[in-house]
Structure formats: structure tokens, C-alpha cells
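A.B. asks: structure here, sequence nowhere to be found:
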């Protein structure tokens with residue numbers, strides 16, 4: 001929310017606000033392959049901490065200096081940091097969680113992230129109105145610094161627990177460390193890995209790219225249309241929090257659908273409702289209809305909680321998980337660059353309304369590709385359940 005609104009507050013156009021969000025998408029793409037290689041070499045937790053540290057610096061600089069060009073650079077840094085953090089976290093879950101439980105695990109993780117999306121916009125909107133953009137960025141940097149401390153302390157405690165673990169549980173730790181070491185010894189280069197899994201990139205990768213495009217369009221277009229309707233930052237933040245609230249409530253349903261009915265059904269509902277919500281936004285001429293449209297898009301987004309991450313870990317080979325997920329996220333994150341870029345171009349050439357309707361059409365296209373080209377990746381267990389005493 002804060003990046004496009006800050007760009008417009010600096011006197012920039014809607015196209016410039018789209019470019020700032022596109023710069024964040026570019027940062028995502030720049031990080032994906034290096035983050036995948038770093039995860040394979042140094043492990044998930046260390047790379048997660050590096051991502052948070054980069055985000056602290058980028059947010060701090062954005063708050064201290066009011067310049068459009070520097071804001072673009074900071075947005076790129078924030079995107080780089082987010083991609084690094086997310087990829088390392090995804091690789092860790094892929095190692096620890098079995099396929100038949102992965103949908104619920106990753107949808108829960110995505111749901112916890114949505115709790116922040118629910119609380120954040122309203123607090124950010126109030127902070128902007130009360131203190132200003134610069135001070136709000138500094139508050140965000142402080143919160144991120146506390147997160148970095150928390151992750152660091154948590155890692156140290158886990159190491160201490162591992163050291164004091166009993167012999168009965170030591171083999172579990174050893175098995176995890178062996179998988180980590182095996183991943184570090186993976187010998188496939190990125191070009192070889194890309195060629196070996198090229199069908200996945202061309203089919204499932206394209207679907208995920210379109211989903212990311214729709215999600216980035218939602219992040220950009222709803223605040224901009226709120227400005228178009230004459231709403232304040234606080235009012236826009238409140239509406240975004242309402243949309244994030246219904247989004248957050250959907251993640252348990254998303255996990256159940258993914259692990260019981262399949263990944264494709266979850267992705268289908270997500271893509272279609274997200275498209276419907278985005279198509280309704282430019283038709284809104286009142287605050288109520290605008291909020292309702294944003295909430296429809298939020299429901300759709302929530303029903304796809306964790307779908308990108310789940311598909312990626314389902315397809316990823318165990319010994320090359322970090323590198324595979326780096327390519328997977330690179331393809332998906334290309335949507336976060338393409339979406340705002342296309343919107344800025346279309347809004348300049350035609351109109352913002354036309355841009356929003358054209359972007360919304362990507363949802364049905366993605367659903368068609370999904371059912372024609374992507375296999376179901378859910379692996380249901382054939383073993384009977386046993387009760388643990």
C-alpha cells in the first residue's frame with residue numbers, strides 16, 4: 001500500500017506509481033536465483049536473516065530521503081529482500097513437511113502473513129495521516145529490526161535444543177542435516193536444471209506467473225482507484241484491511257481444498273474470484289461498491305493461500321530444492337514486474353479502467369492453461385491412519 005501512495009504523494013503520476021511497484025517486482029526477480037544458490041550453500045535460516053536485514057536498510061533509506069529515483073531503488077531493494085526471505089522460508093518447509101500435509105502447512109504460513117496484511121494497512125494509513133510518510137517508513141524499519149532480532153534468537157535456541165537433544169531424537173536432526181548437506185552438494189547448474197524441467201516452467205510456471213501478475217495488480221490498482229475516488233490514505237487503508245480480513249479468514253479453507261481436493265481446484269477458485277474482484281473495481285463509483293469489490297478480490301486471493309509455494313515444493317526435486325525454487329520464483333515473480341509495467345503502459349495509452357479490465361482477463365486464461373497442461377501434484381497417502389498414543 002505505502003509504495004504507490006508515497007509515489008503519488010511525491011507528485012508523481014499513476015504510471016510512476018506503477019513503475020515503483022514494478023521496481024519491487026524487479027527486485028524479486030533479481031533475488032530469486034542468488035537466493036536459491038545461497039540457500040543451497042549456507043542454509044535456510046541464515047538466508048532468511050539476510051533478507052530481513054536488506055529490508056531494514058531499504059525501508060530506512062526510503063524514510064530518510066524524499067526522492068522519486070531513490071524510492072525506485074528502495075522499492076527494488078525491498079523486493080530483493082522479500083524474495084530472499086520467502087524463498088529460504090519455502091525451502092525450509094519443503095524439507096520438513098510431507099506432501100500430503102504441505103498444502104495446509106503452507107496455507108497456514110500464508111494465512112499468518114495475511115494477518116499482517118489485515119492489521120498493516122489500517123495502521124499504516126493512520127500513521128501516514130498522523131505522522132507522515134517518512135516517519136511511517138522509520139516505524140516499519142524499527143519493526144523489521146525487531147523481527148530480525150527475534151529470528152536470530154530463535155535460531156540460537158534451536159541450535160541449543162539440538163545440542164541437548166536426546167539420542168531418540170538425534171537421528172531426526174541428523175536426517176534433516178543430511179538433507180541440507182545433500183542439497184548443498186547438488187551439482188546441477190541452473191541451465192541444466194532449467195532444461196531438465198522445462199515443461200514445468202512452460203506450463204505450471206506460466207500459470208503461477210499469471211497469478212502473481214493478478215496479485216501485484218491488486219496491490220497496485222486498489223489504492224490507486226481509491227485515490228481516483230477521492231478517498232484519504234486512512235480510508236484506503238481501512239478498506240484494504242477489510243479486504244485483507246476476509247482474505248485472512250480463507251486460509252484454513254484453502255489448505256483443506258489443496259490437501260483433499262487437489263491443488264488445481266484451489267488455484268482455479270483463486271484465479272477466477274481474483275479476476276472478478278479486479279474487474280469490479282473500475283466499475284465502482286461509490287465507497288461501498290469499491291470496498292465490496294476489494295473484498296471479493298480478497299476472498300479469491302485468500303482461497304489461493306499458499307498455492308504458489310505448494311506447487312513449487314511439490315514439483316521441486318529434493319536434492320536441488322533451493323535452485324529449483326529459485327527458478328520457480330523467478331518465473332512467478334516475473335508477473336510482479338510485468339503486471340505493474342503493463343498497467344502503467346495501458347493506463348498511459350488508453351485509460352486506467354481499460355488497464356484493469358484487461359489485466360482481469362488473465363485469470364480465465366490461467367485457469368484454461370492449468371486444466372489443459374498442469375498435472376495434479378497432490379499425493380494422497382494410501383496407508384491407513386494410526387492413532388498416536
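C.D. replies: Received, thanks. Quick caveat, the model's predicted, so the values are computed rather than measured.
A.B. asks: low pLDDT regions in the stretch 151-300 of the chain?
C.D. replies: Applying pLDDT under 70 to the stretch 151-300 of the chain flags the ranges 155, 157-187.
A.B. asks: what segments of the stretch 51-200 of the chain are helices?
C.D. replies: 68-96, 99-130, 133-163, 167-184, 190-196, 198-202 (DSSP state H, counting those that start in this stretch).
A.B. asks: need the contact partners of stretch 128-141.
C.D. replies: Outside stretch 128-141, the residues that touch it by CB atoms under 8 Å, 6 or more residues apart in numbering are 2, 5-6, 9, 56, 59-60, 62-64, 66, 124, 127, 232-234, 237. All C-beta atoms are positioned from the backbone trio N, CA, C, and that covers glycine.
A.B. asks: how about it: buried residues?
C.D. replies: Neighbour-count burial for stretch 128-141 flags 128, 133, 136, 137, 138, 139, 140, 141 (criterion: 16 or more other CB atoms under 10 Å).
A.B. asks: what is the rounded mean pLDDT of that stretch?
C.D. replies: When pLDDT is averaged along stretch 128-141, the result is 91.
A.B. asks: centre of the chain to that stretch, how far?
C.D. replies: Computed by CA atoms, centre = their mean, to the nearest Å, the chain-centroid distance of stretch 128-141 equals 23 Å.
A.B. asks: circling back to that earlier point, pull out the buried members of the contacts of stretch 128-141.
C.D. replies: Buried among the contacts of stretch 128-141 by 16+ other CB under 10 Å: 2, 5-6, 9, 56, 59-60, 62-63, 124, 127, 233-234, 237.
A.B. asks: now those residues as TSV including distance to residue 313?
C.D. replies: Formatted as TSV, those follow (distance: CB to CB, whole Å):
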residue	distance to residue 313
2	30
5	34
6	34
9	39
56	28
59	29
60	33
62	32
63	35
124	31
127	36
233	37
234	39
237	33
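A.B. asks: out of these, which two sit at the greatest distance?
C.D. replies: Maximum pairwise distance among the buried ones among the contacts of stretch 128-141 (CB to CB): 25.8 Å, between 56 and 234.
A.B. asks: residues contacting residue 83?
C.D. replies: Contacts of residue 83 by CB under 8 Å, 6+ apart are 27, 28, 29, 30, 31, 32, 35, 51, 329, 333.
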